[in-house]
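1. Fold the following for me, if possible:
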Amino acid sequence: MPDQPQRDAIDVRGVRKVFGAGDYAVTALDTVSVSIRENEFFTLLGPSGCGKTTLLRLIAGFEYPSEGEILLYGQDIAGLPPHKRPVNTVFQSYALFPHMTVAENISFGLEMLNRPKDEIKTRVSEMLSLVRMEELANRRTSQISGGQQQRVALARALAPQPKVLLLDEPLSALDYKLRKGMQIELKRLQHETGITFIFVTHDQEEALTMSDRIAVMSAGKILQVGSPRDIYDRPAERFVADFIGESNFIEADVVGVDHDRATMRLSSGAEISAAMAKGSPPSARATLVVRPEHARIVPEGAAASLNGTVENVVYLGTDTHFHIKIDDGSTFVVRQQNSADAGPSLSPGLRAGVLISSDAAQLLRS
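-> This next block holds a predicted model:
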């Protein structure tokens, strides 16, 4: 039997959100459209003020759009109040009741929905097992750690079985090691429950670790939507390439275009092939992006894509970063993994070449 096509859980269509009026009007979202699939871990990623939390609040019902539609499984919910939407939210501050036990916090929402007592008891037990907190069921939330409080907040939000769970930077208050562990836990919870998760963060590592797809936002717009690998390896815009990971930007001349690839001439005279973003026919001169780990250091000469002088060598344990001053005056960084066959040993002042393979460069939209 063929697989059923995946449905859209959330469909945002041409949504604008303006706060204030007249000279004081601020456009938080500028005609945003995006579809979020059923059972997907979808992340809204961007810097502070980009509109990601505003979009989350519109889906939750805490704000209403100035224009556009928000559909939940095909039903327009843009005008519905929060309590009439099958959606729950986990905030940065977990908003737990400190005088209540873990189990009482989880059951609270179910009691407000007037669920039968037997159903509440069963559901609380299921949630405690899901977040692995059975032994702490009768402890007050003021007596447990930050990571445990976050698990309780997740369990409470999942207990009513919402169709969509919204998460507004819920890991930001945790320390680094605990945050890393909770990233894995969140992905496990999403997989086990099958609920659509929409996660808001400014942390690129969080987005890459957990997401099925990522929407990168800036200044109230969605610039690119794709899988973590797509976003990282094939950024379409300079902002996306610059915001996620480290990048080398190269100005080059367009020699020719063939379908989804362009032949580019670098300042050294060498020509390389670069992938093109969809819908972005290049002008005569364009910008390439190359990730530091996608280039290699080679001996200086005609076989190199670029030539230059080593300016700095930074050892980072698992890898080493070589900062090379290219002959055209620009700086190029190569990240080389430290291993027994790591390649040539270089020190500042030595000449070297940089080899950019045909699958390493991406042409950015003008």
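
2. so who does the nearest residue to T209 once chain neighbours are set aside touch?
-> Distances taken as Cβ to Cβ, 6 or more residues apart in numbering place Q183 nearest to T209, at 4.9 Å, with adjacent residues excluded. The C-beta positions use only the backbone N, C-alpha and C, and glycine is treated the same way. Going by Cβ atoms under 8 Å, 6 or more residues apart in numbering, Q183 touches L171, E206, T209, M210.

3. any weak-confidence spans in the stretch 1-150 of the chain?
-> The model of the stretch 1-150 of the chain has pLDDT under 70 over residues 1-5.

4. try 80
-> The stretch 1-150 of the chain contains residues with pLDDT under 80 at 1-6, 92-94.

5. all strands for it, in order.
-> 8-19, 26-37, 41-45, 67-72, 75-76, 87-90 (DSSP state E, counting those that start in this stretch).

6. Show me what the shortest one is packed against.
-> I take that to be strand 75-76. Helices and strands in packing contact with strand 75-76 are not found; criterion 3 or more Cβ pairs under 8 Å, 6 or more residues apart in numbering; DSSP states H and E.

7. So which residues make contact with it?
-> Contacts for strand 75-76 (Cβ under 8 Å, 6+ apart): E69, I70.

8. What strands line up against that strand, and which way round?
-> Strand 75-76 pairs in its sheet with strand 67-72 (antiparallel), by DSSP bridges.

9. what's the longest helix in this protein?
-> Longest helix in the chain by number of residues (criterion: DSSP state H): helix 176-193.

10. and the next helix-or-strand element following that helix, which residues are buried?
-> Proceeding N to C from helix 176-193, the next assigned helix or strand is strand 196-201, under DSSP states H and E. With burial defined by 16 or more other Cβ atoms under 10 Å, the residues of strand 196-201 counted as buried are T196, F197, I198, F199, V200, T201.

11. same thing with stretch 286-304?
-> So, applying 16+ other Cβ under 10 Å, buried residues of stretch 286-304: 286-298, 300, 304.

12. Straight-line length of that stretch, end to end?
-> End-to-end distance of stretch 286-304: 21 Å, with Cα to Cα, to the nearest Å as the criterion.

13. And stretch 170-183, by the same measure?
-> Using Cα to Cα, first and last residues of stretch 170-183 are 10 Å apart.

14. Give me the buried positions along it.
-> Applying 16+ other Cβ under 10 Å to stretch 170-183 flags P170, L171, L174, L178, R179, M182, Q183 as buried.

15. what's the average pLDDT for that stretch?
-> Mean pLDDT, stretch 170-183: 83.

16. And that stretch, how far out from the chain middle?
-> 15 Å (Cα atoms, centre = their mean, to the nearest Å).

17. Next up, the contacts around V354.
-> 295-298, 304-308, 324, 326, 332, 334.

18. repeat that for 10 Å
-> Counting by Cβ atoms under 10 Å, 6 or more residues apart in numbering, V354 makes contact with 248, 266, 268, 270, 290, 295-298, 300, 304-308, 322, 324, 326, 332-334.

19. Please narrow the residues you listed to those residing in helices.
-> Judged by DSSP H, helices contain none of the contacts of V354.

20. ranges for the strands of the stretch 151-300 of the chain?
-> Using DSSP E, counting those that start in this stretch, strands in the stretch 151-300 of the chain cover 164-168, 196-201, 213-218, 221-226, 248-258, 261-265, 271-276, 285-290, 295-298.

21. Can you say which of the ones you listed is nearest to L355?
-> L355 lies closest to strand 295-298 among the strands of the stretch 151-300 of the chain, at 4.6 Å (Cβ to Cβ).

22. Tell me the strands beside that closest one, with direction?
-> Counting by DSSP bridges, strand 295-298 is paired with strand 351-356 (antiparallel).

23. could you point out which element follows the strand it pairs with?
-> Counting by DSSP H and E, the next helix or strand C-terminal to strand 351-356 is strand 361-363.

24. residues in contact with that next one?
-> Under Cβ under 10 Å, 6+ apart, the answer for strand 361-363 is 233-236, 241, 247-248, 250, 252, 254, 257, 260-262, 264, 266, 272-277, 280, 282, 286-291, 294-295, 305.

25. dump the residue contacts of the residue sitting nearest the centre point of the chain.
-> Nearest to the mean C-alpha position of the chain, counting by Cα atoms, centre = their mean, stands A207 at 3.2 Å. Taking Cβ under 10 Å, 6+ apart, we find A207 in contact with 41, 43-46, 183, 199-201, 213-216, 228, 231-232, 244.

26. Any of the residues you listed buried? List them.
-> 41, 43-46, 183, 199-201, 213-216, 228, 231-232, 244.

27. in the stretch 1-150 of the chain, which spans are helices?
-> Along the stretch 1-150 of the chain, counting by DSSP state H, counting those that start in this stretch, helices occupy 52-60, 102-112, 117-130, 146-158.
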